[in-house]
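K.L.:
Requesting a structural model of the entry that follows:
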Amino acid sequence: MGAASNAVRREPWNKGKLVGQKAPFKLKDIWALRVRLQMEARVRELALFNLAIDSKLRGCDLVGLKVRDVCHGDQVAARAIVVQHKTQRPGQFEITPAARDAVQALIKLAGLKPEDFLFPSRLHDSPHLGTRQYARILGHWVDELGLDRADYGTHSLRRTKATLIYRRTKNLRAVQLLLGHSKLESTVRYLGIEVDDALEISEQTEI
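P.N.:
Alright, predicted model coming up:
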C-alpha cells in the first residue's frame with residue numbers, strides 16, 4: 001500500500017500559478033497610515049513603512065539593512081544600494097525626503113551607529129527585526145486601515161510604488177530595474193499587469 005502510494009506522484013496544485021499574490025496599497029491608504037504613525041509618534045514604524053515603500057525591497061533585505069547602507073556620514077542619503085539576498089544582484093533605490101526624515105529620527109532616537117542594524121530586534125535571539133515580526137507589524141497596519149489581512153502581505157509594500165510607477169508611465173523596463181528582476185517577464189507576472197491592462201482596455205471599449 002505504502003509503495004503504491006509512493007509511486008503515485010501528484011503534481012502540486014499551485015505549480016506554475018501565481019497564488020495568493022498580495023495587493024499593493026492605494027495612495028489613500030498610504031497617506032492615512034502615514035499620518036496616523038506621525039500623529040502617534042510611532043517613529044520606528046514610520047521609518048519602516050516609508051523605507052519599505054521607497055526601497056521596494058523584499059522583507060528579508062529590508063529588515064537586514066544597516067545604518068551605513070542608507071547613510072552618508074551622519075546624513076541619510078537620497079539614494080542607496082544593497083545586494084539582494086535572493087538574487088545576489090545589487091539593487092538601487094531612492095529615499096524620498098519623508099523617508100529620510102523618518103529614518104533620521106529613528107537613528108537619533110535609538111542612538112544607532114553606522115554598523116548597527118537600522119531596525120534592531122526587541123527579541124534577544126535576533127540582532128535585527130525578523131521577517132515574521134515585520135509581517136506581524138504589517139498585519140496590524142492593515143487592521144488599522146480597516147482592510148482584509150488576507151489581501152495584504154509584506155510584498156504589498158514592495159509592489160506598491162512599482163505598481164504606481166507602471167500605471168503612470170507604462171515603463172516596464174524602469175520598473176524591472178527598480179525591482180531588481182533579471183527578466184522582464186518576471187516583472188510582468190509580478191505586477192499582474194497583463195490582466196489589469198486587458199481589463200482597462202475592455203472597460204474603455206463600448207459595444
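
K.L.:
I'd like the distance between the most centrally placed residue in the chain and Phe93.
P.N.:
Closest to where the C-alpha atoms of the chain average out (C-alpha atoms, centre = their mean) is Arg158, at 2.5 Å. The gap separating Arg158 from Phe93 is 11 Å, by C-beta to C-beta, to the nearest Å. In this view, the C-beta of every residue, glycine as well, is placed from N, C-alpha and C.

K.L.:
Repeat that for His140.
P.N.:
To Phe93, His140 is 25 Å away according to C-beta to C-beta.

K.L.:
So if I had to pick from those two, which one is more boxed in?
P.N.:
Neighbours were counted for His140 and for Phe93 using other C-beta atoms under 10 Å; Phe93 has more, 19 against 11.

K.L.:
pLDDT at that one, what is it?
P.N.:
If you check Phe93, the pLDDT there is 91.

K.L.:
What sits closest to Asp143 if chain neighbours are left out?
P.N.:
Arg149 (7.0 Å; C-beta to C-beta, 6 or more residues apart in numbering).

K.L.:
sorry, back to before: and the residue nearest to the centre of the chain, what helix or strand is that in?
P.N.:
Here Arg158 sits within helix 154-169, counting by DSSP states H and E.

K.L.:
on contacts alone, who are the packing partners of that helix?
P.N.:
Under the contact criterion of 3 or more C-beta pairs under 8 Å, 6 or more residues apart in numbering; DSSP states H and E, helix 154-169 touches helix 43-55, helix 59-63, helix 131-144, helix 172-179, helix 184-191.

K.L.:
between it and helix 43-55, how big is the angle?
P.N.:
For helix 154-169 against helix 43-55, the angle by axes from the mean of the first three to the mean of the last three C-alpha atoms, to 10 degrees is 50 degrees.

K.L.:
Now do the buried residues in helix 154-169.
P.N.:
For helix 154-169, a neighbour-count test (16 or more other C-beta atoms under 10 Å) marks 154-166 as buried.

K.L.:
now it, how far from the centre of its chain.
P.N.:
9 Å (C-alpha atoms, centre = their mean, to the nearest Å).

K.L.:
could you give the angle of it to helix 131-144?
P.N.:
60 degrees.
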